[in-house]
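K.L.:
please work out how this folds:
(one chain, ligands or ions: 1)
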Amino acid sequence: MQLDLDVRKTLRSGQRVFHLDVRLQSSSQRIVILGPSGSGKSLTLKAIAGLLRPDSGHIRLDGKVLFDAAKGIHLPPQGREVAYVFQDYALFPHLTVRQNIAFGLTRGWFNPLAHVRHETVEYWLDAFQLAHLAHQFPVELSGGQRQRTALARALVARPRALLLDEPFAALDPTLRIAMREELGELQQRLQVPMVLITHDPEDAVVFGDHVLSLQDGRFAVEAGEGALEVLHA
Ligand SMILES: Nc1ncnc2c1ncn2[C@@H]1O[C@H](COP(=O)(O)OP(=O)(O)OP(=O)(O)O)[C@@H](O)[C@H]1O
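P.N.:
Purely as a prediction, here's the structure:
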């Protein structure tokens, strides 16, 4: 993946003003953006996904222009070929595991049929060891199973990149360690590039090849080990 990000956005809420000003060029397959609450991590990820329109700058992914303020280009999320996995996974509670994954193949908002069997969906059910849970609803799943369902739903459409918003935050500490390893293996196996945002330095240590530290809307330090040492201190 070749990600070229250079955006600015000013947000106002009452008297408060927040300036996001981020620049990043990376060819890493595992980018981690690390920063405390309110530093602008979600805004950065949303800008890449097309859920937030920056005021100026550009975003390019593998040479494809996703956003370019000067040229008036702002592709809609579904035109970007990136998948966004929300912190709470945002699974549809009224759809089964199989239907949730099948939803990733659809662009419209219709209810996938309960009996839908698509070979791609079956592939991901197997790949994530979810086949035996295919008929269950999200409320009937463990945290890890919910996360695997969300990842399968994101990957089923074969995105160019996977954007992960605090993917381990909702998991208990033991499961968090296991899922970090699992996500790392998955990334290696599928060779799908990932951009992960987190406030937990341990995520960056285990998962990040290219780690960026975000503070008050700007990247403070750009160096793998160096950035982590600063944050650990
Ligand atoms: N729509 C908005 N209008 C005004 N300010 C906003 C808006 N969205 C976010 N902000 C502000 O921008 C700043 C960065 O928000 P962001 O959600 O990116 O933080 P974050 O680093 O993802 O934090 P967390 O880890 O708590 O999710 C915050 O101070 C927030 O209050």
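K.L.:
CA only for contacts and neighbour counts going forward, please
P.N.:
OK.
K.L.:
pLDDT below threshold where in the chain?
P.N.:
107-117, 221-233 (pLDDT under 70).
K.L.:
so in it, which helix runs the longest?
P.N.:
Identified as the longest helix of the chain according to DSSP state H is helix 173-190.
K.L.:
show me what that one is packed up against.
P.N.:
Contacts defined by 3 or more Cα pairs under 8 Å, 6 or more residues apart in numbering; DSSP states H and E place helix 173-190 against helix 201-207.
K.L.:
next helix or strand past the helix it packs on?
P.N.:
The first helix or strand that comes after helix 201-207 along the chain, using DSSP states H and E, is strand 210-215.
K.L.:
helix, strand, or coil at residue 12?
P.N.:
Classification of residue 12 using DSSP: H, G, I helix; E, B strand; the rest coil returns strand.
K.L.:
count the residues that sit near it.
P.N.:
The number of residues packed near residue 12 is 9, by other Cα atoms under 10 Å.
K.L.:
how about residue 1?
P.N.:
With neighbours defined by other Cα under 10 Å, the count for residue 1 comes to 17.
K.L.:
shouldn't it be in contact with residue 60?
P.N.:
No - applying Cα atoms under 8 Å as the test, residue 1 and residue 60 come out as separate, 10.3 Å apart.
K.L.:
ok, whichever residue of the chain sits closest to the ligand - contacts?
P.N.:
The ligand sits closest to residue 40 of the chain, with a gap of 3.1 Å, by Cα to the nearest ligand atom. Residues counted as contacts of residue 40 (Cα atoms under 8 Å, 6 or more residues apart in numbering) are 20, 214, 215, 216, 217, 218.
K.L.:
quick one, domains of the chain?
P.N.:
Split into domains by automatic domain parsing, the chain comes to 1-81+160-233, 93-158.
K.L.:
show the end-to-end separation of the shortest one, please.
P.N.:
Terminal residues of domain 93-158 are spaced 23 Å apart (Cα to Cα, to the nearest Å).
K.L.:
same question, stretch 9-22
P.N.:
From its first residue to its last, stretch 9-22 covers 9 Å (Cα to Cα).
K.L.:
list the contacts of stretch 70-80.
P.N.:
Residues from elsewhere that reach stretch 70-80 (Cα under 8 Å, 6+ apart): 49, 50, 51, 53, 56, 57, 65, 66, 67, 68, 107.
K.L.:
if you set the cut-off to 7 Å instead, what comes out?
P.N.:
49, 50, 51, 66, 67, 68 (Cα atoms under 7 Å, 6 or more residues apart in numbering).
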